[in-house]
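Trainee: Okay, predicted coordinates and the sequence, questions at the end:
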Amino acid sequence: MKFKPLNIATLLGGWLALADLLVWLAQLTNAWPVQALTWLCLSFLPGVALLRLLRLQPRSVLEGILYSLGLSVLVLMLSGLAANQILWAVGIARPLELAGIWGFWNLVTIACIVAGLVVNRQVLHTGRAHWPKVSKVTMLAWAGSLCVPFVAMFGAFRLNNGGDALVAETAIGAATVIIIYMFAFRNRLSNATLAWCIFAIGLSVLLMTALRGWDITGHDIMREFRVYTMTHVSGRWDIAAYRDPYNACLSITILPEVYAKLLHTSGLVVFKCILQILLAVCPVVIYVLLRRFVSKLGALVGCGLFISYPTFINDSAMLTRQGVAYLFFALALLVALHASREKVHKVLFVLCGLGVVLSHYSTSYMFVAIFGAALLCKFCTQRIRGWRMQWRGDKFSVLSPGMVVLLALATFLWYSQFTGTANGLMLTITRSVANIPHLLSADNKSADTSSALLLSTHKTQVDIYQSYLAQQPEVGNKVAEAAQYTPQITADDIPTTPLGKHLDTVGTQPSVTADLRQNFAKLLQLLAALSVVYATYLSVFYATYSFARKKPFTLPLDLMCLSVAGIVLLVAMVALPTLSLNYGVLRTFQQLLIFLVVPLVILLTRWGRLLQPRLRTLVATTSMAALFVLFSGLLAQVLGGVSAPLTLNNHGLYYGLYYTTTADLQAYSWMKAHIPANQDVRAAGFAKAIMHDPRYPFSKTGILPTQKPTGTYVYLDQAQIVAHTFYVNYDGSPLITTFPVDYYSEWTNQLYSTPTTGVYR
């Protein structure tokens, strides 16, 4: 079958008309099937039109889907930004209402379709349309993986309603079965089917965290929702209203507002579901990238390592701006490492890089640093090779001075000139350089540096506790009374189960699961470093001597340089004080793992060749299933004796810090109505209140008796009232202590109370 340019443009125009009809129906009916279809149109139509405009033919349908999704998200952000700036300039007070967003999205999409018709005159040839024969193995994989996200969703809902973790545990078990099924039948499943299964597992993991609570739950996501609320309430994105790096991220300001308006849904749905879907696509991009270098078995192992990494399972759902940036970053790497690069790949790389810049500041800074260091490594490699053999450069490589300068310039212009939010980066760099003499000190590093392989430091709970109490006391007239109520370090672990007690009798503590989690991060870093050394050795050694015909597979030069740069930056993150406080080591390695997983899996593949094929499959399957069970929290739930994961419990550190109850929301409403905004109002988790109202008077978390000045209003939630526990993050480190609620009962006035909350002065 042949499709002429006019036919293709007509089909895209019809698709646009259908999308507009669905947007209109979504406003009228608010029906979720219509909203789902609308989201599909928004997520792929502009990207397909852009691919046509770029005259880019992806290597496979799967690659085309991934590129279309990324480009469509970029169009949503840019069209929303254009509506915000242009309509405001012509006097429209609320440019981010439906009419403005809808109109500019249509204009940009139509422009892409028309430009594609003019620029791309190539005829599209396709095979004869027919329904492919689907095997029972494939149908079972699709059906089973489709069910897992819904089970995870109902598991979170059951916990939110005060139920047990049975359904959530079932979701983890079902995902583990899908993992085993993928490994066992990988040769009978297509890449598209395996990619779908990977997406379903990743989405299930994210939804188990994101859907906890009927409100926003998590650390960074609360602050993200705050800047979204500012945009939503004012109907306009204005960086001057809150000049903060969070507000400079279009992924959590304009993008969710565009989704909310066009789909006629709430911001809660966008943050808890739609943005999670975008992050869940990232492991699929990694699978496609791995398949260029390794077999299906190796690609599945690499995706399993990425999904099972502690940061992805525990924290990624709370970092939505980073999730969108990761999608663009992974797509940029997919373009950069294309086997047969052309000029169009540079354009596509620039578009993906722009998506990273607009989505997240830290990921952008890391993006520039990685490619800058990799370019330096490439230059040195070329010089070394030039001494021994003639070097043939690749003029279409994106790892070139021009592309790196362009990427750095875009980052500088957006965060320094347009938004003026780069002060934090400069302050962090200045402090890091000033504190170089204290490289091995734990005082200026986050707790997760203990998971680093080299130059790591470890803060004990006692160290954190003493440092926290050493803060300048702020008490007023009741110093003596407050000093009598000194809190003590405590824990909020899962009770040890009978199986855990039996394990203890044979000499193994149930807390071994926590040790395994930390040691796994170190092991993965060690394997990544070894794989980079191995790949570098192969490249240099076999390029030096004359038996090139016998050399084994080596990494492309660009990927090798990126890998070396990644390891160097990881060491810098651990070594330089204060850097890890702003962008933790675990989060750094998660981003680096997007491409470091390639040499890592190649090294594992080399070792795996020492085993028989069936034994190799058995070891890979067992290892990935065991890692998923371990880091998803299921093993900890079975044994007990460790910190309670939020996905399976209604207690624990994350639950105490970030979970918002109905009683909390009612108390916030009362305080807003009865306490003047200029007062000092404190709470252990003040981010819960200000995310819905940025002007709320909460300012500090100091609510211990020795931290409370006279006249201060203090809000106590169920963690303090019911569990008598105080949770706080201090300098990037978690701290759990007892809470002396008796002090508030005896020495302060109670202004508001429910069985689980109270307001005191």
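Mentor: Great, that's in hand. These numbers come from a predicted model, not from an experiment. Numbers count the residues shown, from 1 in each chain.
Trainee: which helices and strands sit right next to the longest helix along the chain?
Mentor: Of all segments of type helix in the chain, defined using DSSP state H, the longest is helix 512-544. For helix 512-544, the packing partners by 3 or more CB pairs under 8 Å, 6 or more residues apart in numbering; DSSP states H and E come out as helix 310-314, helix 361-388, helix 557-575, helix 585-608, helix 613-631, helix 634-639. Just so you know, the C-beta spots here come from the backbone N, C-alpha and C atoms, and that holds for glycine as well.
Trainee: Would you mark the buried spots in it?
Mentor: For helix 512-544, burial by neighbour count (16 or more other CB atoms under 10 Å) applies to 512-513, 516-518, 520-521, 524-525, 527-529, 531-532, 534-536, 538-539, 542-543.
Trainee: before we move on, the earlier item: in JSON lines, list the helices and strands packed on helix 512-544 along with distance to residue 726, mean neighbour count and mean pLDDT.
Mentor: Shown next, in JSON lines, are the helices and strands packed on helix 512-544 (distance: least, CB to CB, whole Å; neighbours: other CB atoms under 10 Å; pLDDT from 0 to 100):
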{"stretch": "helix 310-314", "distance to residue 726": "21", "mean neighbour count": "22", "mean pLDDT": "88"}
{"stretch": "helix 361-388", "distance to residue 726": "29", "mean neighbour count": "19", "mean pLDDT": "81"}
{"stretch": "helix 557-575", "distance to residue 726": "30", "mean neighbour count": "22", "mean pLDDT": "84"}
{"stretch": "helix 585-608", "distance to residue 726": "25", "mean neighbour count": "23", "mean pLDDT": "88"}
{"stretch": "helix 613-631", "distance to residue 726": "27", "mean neighbour count": "17", "mean pLDDT": "92"}
{"stretch": "helix 634-639", "distance to residue 726": "23", "mean neighbour count": "22", "mean pLDDT": "86"}
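Trainee: so can I have JSON lines of these showing distance to residue 263?
Mentor: Shown next, in JSON lines, are these (distance: least, CB to CB, whole Å):
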{"stretch": "helix 310-314", "distance to residue 263": "26"}
{"stretch": "helix 361-388", "distance to residue 263": "26"}
{"stretch": "helix 557-575", "distance to residue 263": "37"}
{"stretch": "helix 585-608", "distance to residue 263": "29"}
{"stretch": "helix 613-631", "distance to residue 263": "32"}
{"stretch": "helix 634-639", "distance to residue 263": "34"}
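Trainee: and residue 260, which of those helices is closest to it?
Mentor: helix 361-388 (22.9 Å; CB to CB).
Trainee: what's the helix or strand just after the closest one packed up against?
Mentor: Using DSSP states H and E, the helix or strand that follows helix 361-388 in sequence is helix 401-412. Packing partners of helix 401-412 (3+ CB pairs under 8 Å, 6+ apart): helix 343-359, helix 361-388.
Trainee: ok so, going back, residue 250: which of the helices and strands packed on helix 512-544 is closest?
Mentor: When those are compared by CB to CB, helix 361-388 sits nearest residue 250, at 11.2 Å.
Trainee: Tell me the gap between that closest one and the middle of its chain.
Mentor: Distance of helix 361-388 from its chain centroid, counting by CA atoms, centre = their mean, to the nearest Å, is 25 Å.
Trainee: Next one: residue 350 from residue 323, what distance?
Mentor: Going from residue 350 to residue 323 by CB to CB, to the nearest Å gives 21 Å.
Trainee: Between those two, which is the more surrounded one?
Mentor: residue 323 (25 against 17; other CB atoms under 10 Å).
Trainee: Report the contact partners of residue 252.
Mentor: Residue 252 makes contact with 224, 225, 227, 228, 246, 271, 320, 321, according to CB atoms under 8 Å, 6 or more residues apart in numbering.
Trainee: ditto for residue 411
Mentor: Residues near residue 411 by CB under 8 Å, 6+ apart: 357, 364, 365, 367, 368.
Trainee: correct me, but the second one touches residue 354?
Mentor: No: counting by CB atoms under 8 Å, residue 364 sits too far from residue 354 to count as a contact (9.9 Å).
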